[in-house]
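**Student:** Kindly generate the corresponding structure for this input.
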Amino acid sequence: MLKPIGNRVVIKKIEQEQTTKSGIVLTDSAKEKSNEGEIVAVGSGKLLNDGNRAEPQVKKGDKVVFQEYAGTEVKRDDQKYLILNEEDILAIIE
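**Tutor:** Numbers count the residues shown, from 1 in each chain. From the prediction side, this is the model:
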């Protein structure tokens, strides 16, 4: 498993099946890039100037919305993950 460092998080993207209003399922190349995912690992937090670490605002299991072109995509055990900075997360989905 991937263990992020610092203020980074690992996200498993939530792929959404997209269909047109008439019910046609779009192919992968025609779909919009998903910007939602579930957090699978959280780093230790951002290192502050005083040497302390800021507590991460997200935790494992949170479903989040992140910036569209943020992070680095990696593949482990036939699963795609996205590693990004916590600042690239826009909202937690409740």
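**Student:** Which helix or strand contains the residue in the chain sticking out farthest from the centre?
**Tutor:** In the chain, residue 22 marks the outermost C-alpha relative to the chain mean, sitting 30.5 Å out by C-alpha atoms, centre = their mean. Secondary structure from DSSP states H and E places residue 22 outside every helix and strand.
**Student:** Show the pLDDT at it.
**Tutor:** Residue 22 carries a pLDDT value of 72.
**Student:** next one: residue 3
**Tutor:** 94.
**Student:** Mind pulling up the pLDDT for the residue most central in space within the chain?
**Tutor:** Centroid-nearest residue in the chain, with C-alpha atoms, centre = their mean: residue 11, separated by 3.5 Å. For residue 11, the model assigns a pLDDT of 96.
**Student:** now it: how far from residue 46?
**Tutor:** 17 Å (C-beta to C-beta, to the nearest Å). In short, each C-beta sits where N, CA and C put it, glycine included.
**Student:** now swap in residue 37 and tell me
**Tutor:** In terms of C-beta to C-beta, residue 37 sits 20 Å off from residue 46.
**Student:** more neighbours, the two?
**Tutor:** residue 37 (24 against 16; other C-beta atoms under 10 Å).
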